[in-house]
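Asker: would you be able to build a 3D model of this:
(one chain, ligands or ions: 1)
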Amino acid sequence: MITRTLLLLSVIVCIAACQPEKKEILFPKTDLATVPLIPKPVKTVATHSAFGLDSNTVIYTTTQDPAFEKVGQFLSEKIKGKLGLDLAVNASDSEKLERLIYINQLDSTDLETPESYQLYIKKDSIFVNAKTAAGAFRGIQTLRQLIPEKSNDTLTDHPLWLIPTGKIVDAPKFEYRGAMLDVARHFFTVEEVKKYIDILAYYKYNSIHLHLSDDQGWRIEIKSWPKLTEVGAKTEVGGGEGGFYTQDEYKELVQYAADRHMTLIPEIDMPGHTNAASLSYPFLNGNGKPLKPYTGTRVGFSTFDARKDTVYSFLDDVIGEITAITPGPYFHAGGDETHATKKSDYIYFVEKVEELVQKHGKKMIGWNEIAQAKLDPSSVAQLWNESHSAIKAAENGLKVILSPSERTYVDMKYDSISEYGLTWAGFIPVDVAYNWNPETYVEGLPRESILGVEAPLWSETISNSSELEYLAFPRVIGIAELGWSPAEHCNWDDYKQRLAQQVPYLNQMEINYYPSPLVDWKEE
Ligand code: TNX
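Answerer: As a prediction, the model looks like this:
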């Protein structure tokens, strides 16, 4: 009896131990509701099956609107970059209709905003429905995030990438979702700015604001005032060589952003932050002090002369040249930290500049200080440090962009051991940047007055893509969600799980993100 039991036991042990090692099947989750989408969509319904994306999949789009075809091509290029698959867009041979992705223009009342979209994923077809190409573009970002990095079985010669089936109905919370890059304190090349724009688009940002001038440098060619770049572009913080965009390069950036349905917003900061401009043309200077190139990081010492007519003729040319190559609706006129400008001069100046911006067919955006002036309700105030001025702007009918420095200033250090960044607005760890509700953050600011949110990245301490990425990522990813997803979906514990799973994308894009210890990053 004992021997029989022993025999049985040893057989069981052997069965357990002698099992051939289970081949790991790389099977992605097929539950649409658990894919780590950022920003989290408004509504997701999972149907627990899968669409097998493969080399026979074809992309079709509405052809009446060429912008929809471009969205299809964009998707095809990104799939090629991620998986190596070359998917045809609107190919004429209709044989290959086994599995298709259809990007469809649809005039439905369910699609409430221009960026709304619906995604219907069935076993053989994926439909992206949108009223506008912008909506379709946002929809295909969701689709990109649904495509797993790995196919179901890397050993077959016909791999399938399984996309979970179901339905997503989605629309942004705010019409404005921006990121600002300061290319004045340190210059960033066209390629560096493009890379940033491309990543922002993946997380559904729709605006890229470039801070094109400051005390330390002027960064855009103005043909009628060539010294701005001959003199004013040659400096940057720390004494580097500076740089500027020619108008052709600027147009290239505008187009690159437009291809991603993003608006480029140019900023010429004034009347303060103008040392580089005044150094180029000293008649502009209003602080009465001798001018010299500035490569430090102090603020608030420079000003234009607000009472000189020639200053406004100069600005008419500058604003005219820039707006002529800027298709978006806005021109940002700065207006912050004007400690060297008398208050009455400041108000006079901002009102004159608003007129010029409108004369050139644009709406003015300015930092919250502009609320001191009497402005047209078409102008927009960008809140960075004084809630009361945002409230005042709203009372005067202006819309407000929220960039509260203690939450959205991604140029602040994460913590005391951060490699780059400033600290004047406090440390901003990844959870602090995420854990706030833009709709209720400023007490007394009505919801209808909020145009959206923006994450500014000032560049005193950073000078290349890798340093930029260290400060921006992951914080701008969280701010993307705050700008898009309904407040009830914005939850740190849930978000940090989804953020942790962005690693494959961040690695594929070679993004030097800060691996915050608050997040349990998923190793690949
Ligand atoms: C404040 S925010 C500034 C910038 C600096 C930034 C550094 C604002 C409108 N002005 O000039 O670069 O702080 O964090």
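Asker: who in the stretch 301-450 of the chain is up against the ligand?
Answerer: Asp336, Glu337, Trp367, Trp384, Tyr409, Asp411, Leu422 (CB under 6 Å from any ligand atom). To be clear about C-beta, it is placed using only N, CA and C from the backbone, and glycine gets the same treatment.
Asker: which pair in those residues spans the largest distance?
Answerer: Trp367 and Leu422 (16.9 Å; CB to CB).
Asker: the two: which has the busier surroundings?
Answerer: When Trp367 and Leu422 are compared on other CB atoms under 10 Å, the one with more neighbours turns out to be Trp367, at 27 against 15.
Asker: give me the phi and psi for that one.
Answerer: Backbone torsions of Trp367, given as degrees, to the nearest 10, read phi -60, psi 160.
Asker: contacts only, for Ile322.
Answerer: Counting by CB atoms under 8 Å, 6 or more residues apart in numbering, Ile322 makes contact with Ile220, Ile222, Pro266, Ile268, Phe331.
Asker: which parts of the helix or strand hosting it are buried?
Answerer: Element membership for Ile322 (DSSP states H and E) is helix 309-324. Along helix 309-324, these residues count as buried under the neighbour rule (16 or more other CB atoms under 10 Å): Val311, Tyr312, Phe314, Leu315, Asp316, Val318, Ile319, Glu321, Ile322, Thr323.
Asker: farthest-apart pair in these, please.
Answerer: Farthest pair in the buried residues of helix 309-324 (CB to CB) is Val311 and Thr323. Separation: 17.9 Å.
Asker: residue contacts, the residue in the stretch 201-350 of the chain that the ligand sits nearest to?
Answerer: Taking CB to the nearest ligand atom, the ligand has its nearest neighbour within the stretch 201-350 of the chain at Asp336, 3.4 Å off. Residues in contact with Asp336 (CB under 8 Å, 6+ apart) are Asp269, Gly272, His273, Gly366, Trp367, Asn368, Glu369, Trp384.
Asker: from Ile103, how far off is the last one?
Answerer: Pointing back at Trp384 there. Shown here: Trp384 relative to Ile103, a distance of 38 Å by CB to CB, to the nearest Å.
Asker: and for the first one?
Answerer: Remark: distance between Asp269 and Ile103 (CB to CB) = 40 Å.
Asker: relative to Arg144, which of the contacts of Ile322 is nearest.
Answerer: Pro266 (28.6 Å).
Asker: could you export stretch 114-126 as CSV, CA atoms only?
Answerer: Coordinates of each C-alpha in stretch 114-126 appear next as CSV, following Å, rounded to 0.1, in the frame of the first residue of the first chain:
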residue,chain,number,x,y,z
PRO,A,114,-15.6,69.2,-34.2
GLU,A,115,-13.2,66.8,-32.4
SER,A,116,-15.8,64.2,-31.4
TYR,A,117,-15.5,60.8,-32.9
GLN,A,118,-16.9,57.2,-32.6
LEU,A,119,-14.9,54.1,-32.9
TYR,A,120,-16.7,50.9,-33.8
ILE,A,121,-14.5,47.8,-33.7
LYS,A,122,-15.9,44.5,-34.9
LYS,A,123,-14.2,41.3,-35.9
ASP,A,124,-13.8,42.3,-39.6
SER,A,125,-14.0,46.0,-39.6
ILE,A,126,-13.1,49.2,-37.7
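Asker: you'd agree Asn56 is in a strand?
Answerer: No. According to DSSP: H, G, I helix; E, B strand; the rest coil, the state of Asn56 is coil, so it is not within a strand.
Asker: neighbours of it, how many?
Answerer: Around Asn56 there are 17 residues (other CB under 10 Å).
Asker: same check on Lys150?
Answerer: Lys150: 15 neighbours (other CB under 10 Å).
Asker: what does it show for phi and psi?
Answerer: Taking degrees, to the nearest 10 as the convention, Lys150 sits at phi -110, psi 140.
Asker: if I look at it, how far off is the ligand?
Answerer: 41 Å (CB to the nearest ligand atom, to the nearest Å).
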